[in-house]
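Enquirer: Here is the input, now give the coordinates:
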Amino acid sequence: METVYIDKHITLVQECRQGNRKAQFEIYKLYAKAMYNVALRIVNFDDEAEDVLQEAFLDAFTRIESFRGETTFGLWLKQIVINKSINYLRKRKVEFVSMDAVDIAEPIDQMEEEDLEWRVEEVRTAISALPDRYRVVISLYLFEGYDHEEIAHILKISESTSRTQYMRAKLKLNSLLVKRGV
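Expert: Numbers count the residues shown, from 1 in each chain. Sure thing, here's the model as predicted:
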């Protein structure tokens, strides 16, 4: 059975294909805040997130003919934003180092994720304090819903590196939160 995506903004997308600036502005207003948050979680700087957002919309409107409707427009746009964000990180020379050959001991005293009660602002602050390589993997996994195979493909790293970066990010995040008394 084939999955069918119903895009409630398909009329606006079709108008954008015809070059309608008003439709483009409507699409921008609908998606800008959510796409900015996606970019911010990855690049971690307001100015860069705004740049990513502008470039992503420009790219989307320029390439709107390539949108085939196999997913919703929002998912298509989100992928563009994620790719642009990753490219910004690469420009900053963030390297995702392969951890394939490194053995890492599992922490003995690991708390269950469900047992932790975090206040949103403290968690957001702690996540933004993580090194880029950790923050990107944890954001893509937890907030954007990608699995490790997809993250590996997006970041051009191995799946085990993605898992290792995610595990280290969780440990670092936990340590930051403990220091803050959360």
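Enquirer: Where does pLDDT dip in this protein?
Expert: 1-7, 93-120, 182 (pLDDT under 70).
Enquirer: Which of the three states applies to the residue nearest to the spatial centre of the chain?
Expert: Geometric centre of the chain, nearest residue: residue 140, 4.4 Å, by C-alpha atoms, centre = their mean. Following DSSP: H, G, I helix; E, B strand; the rest coil, residue 140 is assigned to helix.
Enquirer: Also residue 121?
Expert: helix.
Enquirer: ok, it - contacts?
Expert: Listed by C-beta atoms under 8 Å, 6 or more residues apart in numbering, the contact set of residue 121 is empty. For the C-beta atoms, the positions are set from N, CA and C on the backbone; glycine is no exception.
Enquirer: Against residue 128, how distant is it?
Expert: 11 Å (C-beta to C-beta, to the nearest Å).
Enquirer: Report the buried residues of the lengthiest helix in the chain.
Expert: In the chain, taking DSSP state H as the definition, the longest helix is helix 21-43. For helix 21-43, a neighbour-count test (16 or more other C-beta atoms under 10 Å) marks 23-24, 26-28, 30-31, 35-36, 38-43 as buried.
Enquirer: Tell me the one among the residues you listed nearest to residue 155.
Expert: Nearest to residue 155 among the buried residues of helix 21-43: residue 42, at 10.4 Å, using C-beta to C-beta.
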